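Chemist: Curious how this folds, go ahead:
(one chain, ligands or ions: 1)
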Amino acid sequence: MSALLRSWIPWRGLGLLVLIAVCISSATPRIVTRLLNPTISSGLPQPTLEAITFHSELNVADLHTDALLWDLDLLKHRSSGHIDIPRLETGRIALQSFTVVTKSPFGQNIRHTSPDSDLITLLTVAQAWPVRTWGNLTERALHQAKKLQRTANNSGGRLTLVQTQNQLTDVLRRREEGDNTIGAILGIEGAHALERDLTQLERLYNAGFRSVGLTHFFDNEVGGSAHGLDKGGLTAFGMKVVTRMEEIGMAIDLAHASPSLINDILGTASQPVLISHTGVKGTCDNERNVGDEALRGVAVTGGLVGIGLWPEAICGDTAADWVQAVQYAVEVAGIDHVGLGSDWDGAVPAIVDASGTIYLVQALLDNGFERDEVRKIMGGNAIRVFRQTLPAP
Ligand SMILES: [Zn+2]
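Modeler: Take a look at the predicted model:
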């Protein structure tokens, strides 16, 4: 028995838990994602031939998926959940942000969430992730990054990890030449993944991460969450984190951030800021969504707000509800600052899965958006922002 094994066996019952976890680990992600990530697919507009042709030439970009949390083979088409490489190809996705979750408290909710418990620990054990990930959030992020890299390596060029401006340009050039490779950007959901240690930021950068959502459902050492207990602003440690992020080429993502934190960042950011997945209070007034001031502030940085596809973000479950939120955000922030932030496989229902972006395009066209505007919303804006925030080679 190795020393490492001896050191953790004495934890009461843990050995049995591991055994059970290993037995069920292959089935767990499939069952859990089928239950947690349904696709609504009702009330969708019928795509016209014209829209289908237009869509077939689009470069779509999506700012947020939690797909790496689940141990699923992304190279294979599945009939459940929201996302895999074949469905991203059908959806004409040119750029997909894979954002990793490292901690989710029990009973998390959009009003008041305490940081004192964690469901992801159970998931790491149930999916038989390496022991080092069980008690360390940085390791959980690094493990998920490795999964994405492995998927890209085994994809035969269908998925490419994008870490520099040149790599993004290269993905777009290949697509123009008819090779439909998908660019993948790694992001963090919650800077608690740093484990209070600024040096971990460089480790995450070196593993390929290029955006950091500062907070998730609870307040952390960087700043307040919109769903936390105190909902404070940027801390002194947080200031050091974001300064370093901008220096090395990591985008700041304010999804889930408290209003004070949003205010603090928008007052100091020197690079375009993202709110990767959100709704707008103007069409759906709740604690999950952002107000007009945040929309305008993000536009001033040259950044982007990704409008989500789940009912709590848009107070509805149709493509028309999504378009209404997009329309509102465009009116307040401008056409260059609104995009798609699906939250596919994020333990929420989605209006459409990754293969269904044609329905969003049709709904935008039906509501009077011009083709140039649809191009921007569906991907052009996100590509422009990452061209700016990604590091030069
Ligand atoms: Zn989220």
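Chemist: Residues in a beta bridge with the residue nearest to Ile377 when sequence neighbours are not counted, which ones?
Modeler: In space, not counting the residues next to it along the chain, Ile377 is nearest to Val338; the distance is 5.6 Å by Cβ to Cβ, 6 or more residues apart in numbering. All C-beta atoms are positioned from the backbone trio N, CA, C, and that covers glycine. Note on Val338: beta-bridge partners Val305, judged by DSSP bridges.
Chemist: and Val338, what does it touch?
Modeler: Taking Cβ atoms under 8 Å, 6 or more residues apart in numbering as the criterion, Val338 is in contact with Leu304, Val305, Ile307, Val326, Ala329, Val330, Lys376, Ile377, Asn381.
Chemist: For the last one, pull up the helix or strand it's in.
Modeler: Using DSSP states H and E, Asn381 sits in helix 381-389.
Chemist: Would you mind listing the buried residues in that helix?
Modeler: Of the residues in helix 381-389, those with enough neighbours to count as buried (16 or more other Cβ atoms under 10 Å) are Asn381, Ala382, Ile383, Arg384, Val385, Phe386, Thr389.
Chemist: any chance of these in JSON lines, plus distance to Ala141 and pLDDT?
Modeler: Written out in JSON lines, the entries for the buried residues of helix 381-389 read as follows (distance: Cβ to Cβ, whole Å; pLDDT from 0 to 100):
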{"residue": "Asn381", "distance to Ala141": "26", "pLDDT": "98"}
{"residue": "Ala382", "distance to Ala141": "22", "pLDDT": "98"}
{"residue": "Ile383", "distance to Ala141": "25", "pLDDT": "98"}
{"residue": "Arg384", "distance to Ala141": "27", "pLDDT": "98"}
{"residue": "Val385", "distance to Ala141": "22", "pLDDT": "98"}
{"residue": "Phe386", "distance to Ala141": "19", "pLDDT": "98"}
{"residue": "Thr389", "distance to Ala141": "19", "pLDDT": "97"}
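Chemist: For those residues, work out which two are farthest apart.
Modeler: In terms of Cβ to Cβ, these reach their longest pairwise distance at Asn381 and Thr389, which sit 12.6 Å apart.
Chemist: quick revisit: could you measure from the residue nearest to Ile377 over to Ile275?
Modeler: Remark: distance between Val338 and Ile275 (Cβ to Cβ, to the nearest Å) = 10 Å.
Chemist: list residues touching both of the two?
Modeler: Jointly contacting Val338 and Ile275 under the rule Cβ under 8 Å, 6+ apart are Leu304, Val305.
Chemist: What ranges does the stretch 1-150 of the chain have for its helices?
Modeler: The residue ranges that make up the helices of the stretch 1-150 of the chain, judged by DSSP state H, counting those that start in this stretch, are 3-8, 14-25, 28-36, 49-56, 85-90, 120-126, 137-153.
Chemist: and the contacts of Val338 as TSV, adding distance to Arg203?
Modeler: Written out in TSV, the entries for the contacts of Val338 read as follows (distance: Cβ to Cβ, whole Å):
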residue	distance to Arg203
Leu304	27
Val305	29
Ile307	32
Val326	36
Ala329	35
Val330	38
Lys376	35
Ile377	35
Asn381	30
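Chemist: and which of the residues you listed is nearest to Leu261?
Modeler: Looking at the contacts of Val338 and their distance to Leu261, the nearest is Val305, at 15.6 Å (Cβ to Cβ).
Chemist: That closest one - how many residues pack around it?
Modeler: Counted with other Cβ atoms under 10 Å, residues neighbouring Val305 total 31.
Chemist: Could you shift the numbering so residue one becomes 10, and keep it that way?
Modeler: Renumbered: residue one is now 10, and that last one reads Val314.
Chemist: That one against Ala338, yeah?
Modeler: Yes: here Val314 lies in contact with Ala338, judged by Cβ atoms under 8 Å, at a distance of 5.6 Å.
Chemist: Between those two, which contacts overlap?
Modeler: Counting by Cβ under 8 Å, 6+ apart, the residues touching both Val314 and Ala338 are Val289, Leu304, His346, Val347.
Chemist: In ChimeraX, how would I select just the buried ones from these?
Modeler: Selection command for ChimeraX covering only the buried members of those, criterion 16+ other Cβ under 10 Å:
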select :289,304,346,347
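Chemist: Pick out the most distant pair among the shared contacts of Val314 and Ala338.
Modeler: Taking every pair in the shared contacts of Val314 and Ala338 and measuring Cβ to Cβ, the maximum separation is 12.0 Å, between Val289 and His346.
Chemist: Tell me where the stretch 60-209 of the chain has strands.
Modeler: 69-74, 102-110, 168-170, 191-198 (DSSP state E, counting those that start in this stretch).
Chemist: The nearest residue to Lys240 once chain neighbours are set aside: neighbour count?
Modeler: The shortest distance from Lys240 to any residue other than its chain neighbours is 3.9 Å, reached at Ser267 (Cβ to Cβ, 6+ apart). Counted with other Cβ under 10 Å, residues neighbouring Ser267 total 24.
Chemist: coming back round to it: what do Val289 and His346 both touch?
Modeler: Leu304, Val314, Ala338.
Chemist: Would you check how far apart the first one and Gln172 are?
Modeler: By that I understand Leu304. Applying Cβ to Cβ to Leu304 and Gln172 gives a distance of 29 Å.
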